[in-house]
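> missing the sequence, but the structure's below:
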């Protein structure tokens, strides 16, 4: 093989450049310091809940784009009116142990694994029944827990569930503004001027590059196991999307490497750590998870990436469609 | 593969003033165009091309004349194989034929469901069934603004009077120091169409016209002011707002959305619950006894949609015979242009029953003497008529069969859908087939029925003298309104287009 002088010079330059880049990258990896997750942005810890735009107002305009799927979306089904849940009347009425309390049950909490039961207890308050149904994969009741001595528990919902199953919890009274998750939970205190400039709305198509903000707002509920430093509760204190969650929410990021943790929770920890500590902003939750779509699980992923984090759940070799089976546990949610 | 509807039409040479398919806003997969829709589209293109060529016109110009509109009705009749629309071939060739057959002054028209927005662009005009209805329908905020409201409602249509109809939202009463707020300060975030703005717009229109051309509704409802400490209605604040809306704003009706909660009460309400009963009693004392209530189209609400079911109308109407209840959308639960319409069994073609609309019909069947409930047809007739005229025959046929033509009220939900003229044209040409009359017991719609529905019934509800001469808006009205509009900060925005399947 014969190389011209010019080719040799080009090849040499390429080798030198490559070596330089390799050294830069590796030295970068060696010297890269962990970021302080608390360092950016601000928060509303302990503040008042704003007069935010409510979902019903949002849906007045967004009825044709968001409306058709929103009522079936898991975010708005975190708590559901019992009257609207087909089949549950029969299920509850056949539970003899619940006979005296069954008529008081107004709402259901939980969707896939465990279904709990609620009744109203004043403005923004629920009492929760200590008995709950364990569901199988087909969505049928598999067994019951706590139904030996069923009773209403006061204050438990406020301190454990409200932050992620209801909207806008006032930290002084622990009363929520609306049951289930309103648009405010993720989009924050929306400026009505967004009709002229959609960049004013978090998570709008023009606001999907703020990795830390996006990670914070999803992590407020999906990063299980954290707690508020200011309240000690297992959910954030007056978090308004756009805030830095980690200024008050304490998280043990070592769980990201805990092989005993289920892959689902572990991949959340890893992704959050990648963004807020490792400074890798290439992948956030909404790269893969499409919130405003049908409930069909196959549509939950916007597109299938081949990033390492995906193999927490997906098969690294062979069919990528294969998802590893795992079981989720939660101390807070008692399952 | 998806493709922008506009691009698809351009590639295919389609310029149809009638809907030819549904477009997606990216949140659901575009549905394929039906065979009938394809046929109508092809016929409209062929027929309009032939006519425009012979008349020496550009096809786009032709489609914006009454001939273009008549061509669409004729194409629809051919495609469905039935004379659903009363249209003569000659009307597709001569504008004079339409003018002679359907003179503009034939009916006194009150549109009880007309909206504009306080500087917001909405998303309605992306829906295919209203796009290009012979008009240029933009989707920017100007298109939903007050100036365009006046233009499209009064200048571009035969509508004589409008009822500016409320949307969910409440007013802030005081600032942090306790000072009473006024005007725009009562809706610091803007609000889509607050009560103060409806009242102001009504007064502007009537002042400019020099006669009564507009009425307005008030948004206040039983759950708008809530005492969170007692978890009950804040009666003092509610009465304060009631006094303001009735006396200061001069509202002509309440507009209620039972399934919304702008006061963050934690719930919606029902027409027959205790809070509504208290509200009506207080309203009765102050002489306001017309309640316009949104029913149907329930997914506007996140969690309270079930409260848009009309089942609560019965008890409220029976308990308050001196009140008038105008049930908007005739309680149609789910529009036929919306996803999952068929799958969700919202319409039974064997009986012609629509989900929730049937509940409203059954109320009247159970209470034949009940005379204080009216079925409003905004986003009911126009939506059904364009989706499938047979559905509109069932909808209007049942409304008249059970409630009588003297208890059906005209509304369009415009400007959401553009100028209401296409809906007026459609209703004038609308008739129920002999076959459906025989099979389902409907009656042929007479001119008197249409006169009742288009305006006389609303005139009775609102105490309007239908015979009074209404002055036309003066020629310089638009300039004056434009000035007022610009002072509110009006500016342009771009139109948007939805998606369809590229292989359609």
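Alright, I've got the coordinates. What you are looking at is a predicted structure, and each value in this text was computed from that prediction instead of being measured.
> mind listing what the nearest residue to residue B:461 once chain neighbours are set aside touches?
With CB to CB, 6 or more residues apart in numbering or on different chains as the criterion, residue B:461 has its nearest non-adjacent residue at 5.5 Å, and that residue is residue B:324. (Each C-beta comes from the backbone N, C-alpha and C, glycine too.) Residue B:324 makes contact with B:289-291, B:372, B:374, B:461 under the criterion CB atoms under 8 Å, 6 or more residues apart in numbering or on different chains.
> so what does residue B:324 look like in phi/psi?
phi -110, psi 130 (degrees, to the nearest 10).
> how much space between it and chain A?
Counting by CB to the nearest CB, to the nearest Å, the separation of residue B:324 from chain A is 25 Å.
> please apply the same query to residue B:155.
Residue B:155 is 25 Å from chain A, by CB to the nearest CB.
> now swap in residue B:392 and tell me
Distance from residue B:392 to chain A, by CB to the nearest CB: 20 Å.
> what helix or strand is that residue located in?
If you go by DSSP states H and E, residue B:392 is part of helix B:389-398.
> show me how far the helix or strand following that helix is from its chain's centre.
Sequence-wise, the next helix or strand downstream of helix B:389-398 (DSSP H and E) is strand B:408-409. Put simply, strand B:408-409 sits 12 Å off its chain's centre (CA atoms, centre = their mean, to the nearest Å).
> same question for stretch A:211-230.
8 Å.
> ok, now stretch B:146-157?
Distance, centroid of stretch B:146-157 to centroid of chain: 15 Å (CA atoms, centre = their mean).
> ok, now which ones touch residue 153?
Picked chain A for this. Contacts of residue A:153 (CB under 8 Å, 6+ apart): A:127-130.
> not what I meant, chain B
Here residue B:153 is in contact with B:111, B:114, B:159, B:162, B:414-415, B:419-420 (CB under 8 Å, 6+ apart).
> quick one: the strands in the chain?
Just going to use chain A. A:79-81, A:107-109, A:114-120, A:126-129, A:132-135, A:141-145, A:152-153, A:166-167, A:178-179, A:227-228, A:249-250 (DSSP state E).
> look at chain B instead
Using DSSP E, strands in chain B cover B:2-4, B:110-114, B:161-164, B:214-218, B:226-227, B:232-233, B:253-256, B:290-294, B:324-328, B:347-348, B:353-354, B:373-376, B:408-409, B:499-501.
> circling back to that earlier point, got the contacts of residue A:153 as CSV, with pLDDT, distance to residue B:313 and neighbour count columns?
What follows is the contacts of residue A:153, written out as CSV (pLDDT from 0 to 100; distance: CB to CB, whole Å; neighbours: other CB atoms under 10 Å in any protein chain shown):
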residue, pLDDT, distance to residue B:313, neighbour count
A:127, 97, 33, 20
A:128, 97, 35, 22
A:129, 96, 34, 23
A:130, 95, 40, 17
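> from these, which is closest to residue B:105?
residue A:127 (64.3 Å; CB to CB).
> is the closest one in contact with residue A:154, as I believe?
Yes. Using CB atoms under 8 Å, residue A:127 makes contact with residue A:154 at a distance of 5.4 Å.
> any common contacting residues for these two?
residue A:121.
> that older thread, out of the contacts of residue B:324, which comes closest to residue A:212?
Of those, the one sitting nearest to residue A:212 (CB to CB) turns out to be residue B:291, at 49.0 Å.
> my guess is residue A:250 contacts residue A:229. True?
Yes. Counting by CB under 8 Å, residue A:229 is a contact partner of residue A:250 at 5.2 Å.
> turn the strands of chain B into CSV, columns for mean pLDDT.
Output for those, formatted as CSV (pLDDT from 0 to 100):
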stretch, mean pLDDT
strand B:2-4, 54
strand B:110-114, 94
strand B:161-164, 93
strand B:214-218, 95
strand B:226-227, 94
strand B:232-233, 96
strand B:253-256, 97
strand B:290-294, 97
strand B:324-328, 98
strand B:347-348, 92
strand B:353-354, 96
strand B:373-376, 98
strand B:408-409, 98
strand B:499-501, 50
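> need those in JSON lines (columns: distance to residue B:239).
Converted to JSON lines, the strands of chain B look like this (distance: least, CB to CB, whole Å):
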{"stretch": "strand B:2-4", "distance to residue B:239": "52"}
{"stretch": "strand B:110-114", "distance to residue B:239": "26"}
{"stretch": "strand B:161-164", "distance to residue B:239": "24"}
{"stretch": "strand B:214-218", "distance to residue B:239": "13"}
{"stretch": "strand B:226-227", "distance to residue B:239": "13"}
{"stretch": "strand B:232-233", "distance to residue B:239": "10"}
{"stretch": "strand B:253-256", "distance to residue B:239": "14"}
{"stretch": "strand B:290-294", "distance to residue B:239": "17"}
{"stretch": "strand B:324-328", "distance to residue B:239": "22"}
{"stretch": "strand B:347-348", "distance to residue B:239": "43"}
{"stretch": "strand B:353-354", "distance to residue B:239": "38"}
{"stretch": "strand B:373-376", "distance to residue B:239": "27"}
{"stretch": "strand B:408-409", "distance to residue B:239": "29"}
{"stretch": "strand B:499-501", "distance to residue B:239": "49"}
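> now for residue A:144, how many residues are close by?
Around residue A:144 sit 15 other residues, with neighbours defined as other CB atoms under 10 Å in any protein chain shown.
> tally of neighbours for the nearest residue to it once chain neighbours are set aside?
Nearest non-adjacent residue to residue A:144, counting by CB to CB, 6+ apart: residue A:133, 5.8 Å away. Residues near residue A:133, counting by other CB under 10 Å, number 22.
> ok, what's across the strand from residue A:133?
residue A:115, residue A:144 (DSSP bridges).
> could you pull up the residues touching it?
Per CB under 8 Å, 6+ apart, neighbours of residue A:133: A:91, A:114-115, A:141-145.
> show me just the buried residues among these.
Buried members of those, scored by 16 or more other CB atoms under 10 Å in any protein chain shown, are A:114-115.
> quick check, nearest of the contacts of residue A:133 to chain B?
residue A:115 (17.0 Å; CB to the nearest CB).
> my read: the closest one touches residue A:135, true?
Yes. Applying CB under 8 Å as the test, residue A:115 and residue A:135 come out as touching, 6.2 Å apart.
> common neighbours of those two, please.
In contact with both residue A:115 and residue A:135: residue A:141, using CB under 8 Å, 6+ apart.
> domain map for the chain?
You didn't say which chain, so I picked chain A. A:79-180, A:208-335 (automatic domain parsing).
> that's the wrong chain, I wanted chain B
Split by automatic domain parsing, chain B gives B:2-104+B:488-501, B:110-462.
> let me have the ones you listed in TSV, extended by distance to residue A:290.
Converted to TSV, the domains of chain B look like this (distance: least, CB to CB, whole Å):
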stretch	distance to residue A:290
domain B:2-104+B:488-501	10
domain B:110-462	16
